[in-house]
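**Q** missing the sequence, but the structure's below:
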Ligand code: FEO
């Protein structure tokens with residue numbers, strides 16, 4: 001794809017990765033992704049903002065074929081999907097300097113072995129004038145790594161946000177058109193990439209409130225020419241208040257845990273609580289992550305395998321612990337044949353979460369009435385907790 005014009009002398013460059021289905025060998029990408037770079041041609045200097053994943057080096061270099069000179073390569077984030085092709089750009093433009101912050105510089109030297117004398121480091125708020133356009137660099141740590149920063153161009157009111165506000169979505173739309181599709185992709189992206197840093201994300205959004213922004217140009221997905229759309233979505237996702245939602249990830253081997261899950265789902269639904277149920281061996285883990293953005297309670301269901309929790313359930317517990325959603329309550333339900341330590345294992349795997357553990361329910365073999373009664377007690381407890389926290393009226 002050729003460079004595409006955003007505003008006078010400001011261009012989208014980059015690659016659309018329609019076929020990628022996994023990121024970091026972990027995150028499902030049902031809709032692919034893109035690696036957006038941007039070119040800004042001032043009257044005196046030209047800057048390239050980020051690059052592309054190394055797999056698409058030839059795509060970027062073809063787009064740069066007609067560009068005689070690049071003075072600055074702005075690196076917002078050292079992760080290789082944006083920085084990986086910077087060495088090739090520096091080889092093509094031997095006088096170009098990489099502009100970034102000191103933390104990112106150190107990472108780029110570690111990851112890409114770029115020579116020290118190719119860097120110019122900038123402070124938070126520092127500006128560089130290209131002639132016609134000014135680049136103002138804003139430190140925005142932890143969106144996604146500690147070194148991340150954004151660039152604001154006041155003359156065009158564009159914020160180049162790199163991972164911040166991005167969406168893993170391959171699309172031919174330069175600007176967002178299908179908002180419901182983008183909303184889900186951006187929420188998936190937030191859940192998987194930004195949610196663990198929710199508090200810092202909030203601080204960074206507060207920092208951006210001082211700017212007049214007409215366009216947000218992220219490094220994944222389409223560009224927002226209605227920035228309120230994504231800013232409002234983020235404000236909802238980062239809020240401290242979860243929703244009246246119970247998420248139930250579970251796995252079952254011979255039907256006991258599944259029976260317990262179905263019974264609990266019916267009880268919660270009758271009590272006016274929203275429920276999302278995910279069978280872990282077949283579910284898209286991105287969908288589960290999306291549900292965790294809003295969930296107040298998680299009930300993890302697992303059978304016992306050799307006295308331990310099912311490995312798939314343990315994996316979900318570790319993922320939950322790593323994503324650090326704003327949950328308030330957690331419980332575990334499951335089954336065993338002769339003995340089990342699943343409660344200890346699951347709760348230990350979620351040890352970083354600041355949540356209240358609600359009374360777990362285990363049954364030996366297939367559920368009996370006493371087990372169903374215990375599930376009813378759990379449903380009553382969840383209902384009470386949601387009422388006490390004013391999630392349910
Ligand atoms: Fe798109 Fe954190 O890299």
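**A** Structure's in. What do you need? The structure presented is a predicted model; accordingly, all values stated were derived computationally and were not measured. Residues are numbered from 1 along each chain as shown.
**Q** Residue 11: how many residues sit nearby?
**A** Residue neighbour count, defined by other Cβ atoms under 10 Å, stands at 20 for residue 11. Bear in mind the C-beta positions are built from the backbone N, C-alpha and C, glycine included.
**Q** can you give me the helices for this protein?
**A** 57-63, 80-83, 86-92, 102-112, 179-189, 198-208, 227-238, 256-270, 285-294, 311-323, 342-349, 369-388 (DSSP state H).
**Q** got CSV for the ones you listed, with distance to residue 124, mean pLDDT and mean neighbour count too?
**A** Output for the helices of the chain, formatted as CSV (distance: least, Cβ to Cβ, whole Å; pLDDT from 0 to 100; neighbours: other Cβ atoms under 10 Å):
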stretch, distance to residue 124, mean pLDDT, mean neighbour count
helix 57-63, 28, 98, 17
helix 80-83, 19, 98, 23
helix 86-92, 22, 98, 18
helix 102-112, 11, 98, 17
helix 179-189, 25, 97, 20
helix 198-208, 9, 97, 17
helix 227-238, 21, 98, 17
helix 256-270, 47, 98, 20
helix 285-294, 29, 97, 22
helix 311-323, 28, 97, 19
helix 342-349, 37, 96, 19
helix 369-388, 41, 98, 16
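**Q** now those helices in TSV, with distance to the ligand?
**A** Converted to TSV, the helices of the chain look like this (distance: least, Cβ to the nearest ligand atom, whole Å):
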stretch	distance to the ligand
helix 57-63	15
helix 80-83	4
helix 86-92	14
helix 102-112	11
helix 179-189	9
helix 198-208	13
helix 227-238	16
helix 256-270	35
helix 285-294	15
helix 311-323	15
helix 342-349	25
helix 369-388	35
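**Q** possible to save these as JSON lines with distance to residue 304?
**A** As requested, those are exported to JSON lines (distance: least, Cβ to Cβ, whole Å):
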{"stretch": "helix 57-63", "distance to residue 304": "49"}
{"stretch": "helix 80-83", "distance to residue 304": "40"}
{"stretch": "helix 86-92", "distance to residue 304": "50"}
{"stretch": "helix 102-112", "distance to residue 304": "43"}
{"stretch": "helix 179-189", "distance to residue 304": "32"}
{"stretch": "helix 198-208", "distance to residue 304": "34"}
{"stretch": "helix 227-238", "distance to residue 304": "35"}
{"stretch": "helix 256-270", "distance to residue 304": "9"}
{"stretch": "helix 285-294", "distance to residue 304": "22"}
{"stretch": "helix 311-323", "distance to residue 304": "10"}
{"stretch": "helix 342-349", "distance to residue 304": "6"}
{"stretch": "helix 369-388", "distance to residue 304": "14"}
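**Q** how about these, which one is nearest residue 333?
**A** helix 256-270 (5.1 Å; Cβ to Cβ).
**Q** got a list of what residue 142 touches?
**A** Residue 142 is in contact with 148, 197, 200, 201, 204, counting by Cβ atoms under 8 Å, 6 or more residues apart in numbering.
**Q** Test my guess that the last one contacts residue 124.
**A** No: applying Cβ atoms under 8 Å, one finds residue 204 not in contact with residue 124, separated by 11.6 Å.
**Q** quick revisit: could you identify the pair within the contacts of residue 142 that is furthest apart?
**A** Greatest spatial distance in these: 148 and 201, 10.7 Å, computed using Cβ to Cβ.
**Q** Mutual contacts of those two, please.
**A** 142, 164.
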